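Asker: sequence first, then the predicted structure, then my questions.
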Amino acid sequence: MKPILWQVAGFGIPTHDFFVGLGVTAAVAIFIWEARRRSRLNEKLVWVVFGALITGGLFARLSTGWKYWSGTEDPTLPGLWMQGGRSVLGGLAGAYLGVLITKRLVGYQSSTGDLFVPGLALGMAIGRIGCFLTEQIGTPTSLPWGITLAPDVAAQMPYCPSCALGVPLHPSFIYEILFHAVAFVVVLAWRGRVQPEGSLFKFYLLSYGIFRFLIEFVRGNPPMAGPFSGSQLFLLVTLPLLAWWMLRSRHSLTVAPA
């Protein structure tokens, strides 16, 4: 049973879905605002946004589908979509792929990464509020800011074996919310100053990937290979590729004065 934020006309609004939807809405709104500010908003760019949303949503679902498929006696495609969970990293990878494919299909030539990154950072910060309220909080900690859940709250959180222990837990999603909130402010301050265009987006992805790899150690996600979770294994493959791109293009990177 998914935690319900409130009831509307007899229908329960899931807490996680509400904040994810709010985050996506904020991300799209900021993207449109940024595109208009740069006089870049046109029909082709709208199609690029649709491509990113569609493939991002698909990959977010499908990237964790193996858990549903292996743990359900009678798996179905509707069941996979409704109960298969979602992955932020899978969604980001899918959205990135969707942008590349859609740009080629509609013939859009310009870089779009720096248009997406402010909204992406803000949307991630908002969406992670839903994760904080409904998912595995983190591993036990002795740090003073650890969160101890009330028994009734812990009972509503699925897939959270640590929640009912009655001990302080790392607020891992709070760490991530703060990261993306700070990133949003930094991106707004540096947008248009880092060249070539699209570099700020890649800096954001690289910094988030490193942060996410480290924060996984206190998230409480089950290890898949040795001490590493599935997310960390994904990052072990993708982060070197992104770092290689940054090193290869370092001679062309410039930063304009504020």
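Answerer: In hand now; what should we look at?
Asker: which parts of the stretch 51-200 of the chain are strands?
Answerer: Ranges of strands in the stretch 51-200 of the chain, per DSSP state E, counting those that start in this stretch, are 194-195.
Asker: could you list the low-confidence segments of the chain?
Answerer: Within the chain, the ranges that satisfy pLDDT under 70 run 1, 64-85, 159, 258.
Asker: residues in contact with the residue nearest the centre of it?
Answerer: What sits nearest the mean C-alpha location of the chain, by Cα atoms, centre = their mean, is Val88, with 3.7 Å. By Cβ atoms under 8 Å, 6 or more residues apart in numbering, the residues touching Val88 are Ala60, Met124, Gly127. For the C-beta atoms, the positions are set from N, CA and C on the backbone; glycine is no exception.
Asker: any chance of a PyMOL selection covering the buried ones in those residues?
Answerer: Selection command for PyMOL covering only the buried members of the contacts of Val88, criterion 16 or more other Cβ atoms under 10 Å:
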select buried, resi 60+124+127
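Asker: nearest to Pro222, of the contacts of Val88?
Answerer: Set against Pro222, the nearest of these by Cβ to Cβ is Ala60 (19.2 Å).
Asker: so what's that closest one closest to, chain neighbours aside?
Answerer: Nearest non-adjacent residue to Ala60, counting by Cβ to Cβ, 6 or more residues apart in numbering: Gly91, 3.3 Å away.
Asker: so that neighbour makes contact with Leu53?
Answerer: No - Gly91 lies out of contact with Leu53 (Cβ atoms under 8 Å); the separation is 9.7 Å.
Asker: between these two, who's got more neighbours?
Answerer: Set Gly91 next to Leu53 and count neighbours by other Cβ atoms under 10 Å: Gly91 wins out with 24 against 17.
Asker: what are the ranges of the helices in the stretch 1-150 of the chain?
Answerer: Along the stretch 1-150 of the chain, counting by DSSP state H, counting those that start in this stretch, helices occupy 15-37, 43-62, 65-71, 77-83, 88-106, 113-134.
Asker: what's the first helix or strand after the strand or helix carrying Leu239?
Answerer: Element membership for Leu239, per DSSP states H and E: helix 230-248. Following the chain from helix 230-248 toward its C-terminal end, the next helix or strand by DSSP H and E is strand 254-255.
Asker: how much space between Gly146 and His170?
Answerer: Gly146 is 7 Å from His170, where distance means Cβ to Cβ, to the nearest Å.
Asker: scratch that, Phe228
Answerer: Distance of Phe228 to His170, given as Cβ to Cβ: 18 Å.
Asker: and what of Phe116?
Answerer: In this view, Phe116 and His170 are 30 Å apart by Cβ to Cβ.
Asker: and the two? Which one has more around it.
Answerer: Neighbour comparison, Phe116 and His170: the larger count goes to Phe116, with 25 against 22 (by other Cβ under 10 Å).
Asker: quick one, what contacts the residue lying closest to Ser199 once chain neighbours are set aside?
Answerer: Spatial nearest neighbour of Ser199, chain neighbours left out: Leu253 (5.9 Å); criterion: Cβ to Cβ, 6+ apart. Counting by Cβ under 8 Å, 6+ apart, Leu253 touches Val194, Gln195, Pro196, Ser199.
Asker: much appreciated, bye for now.
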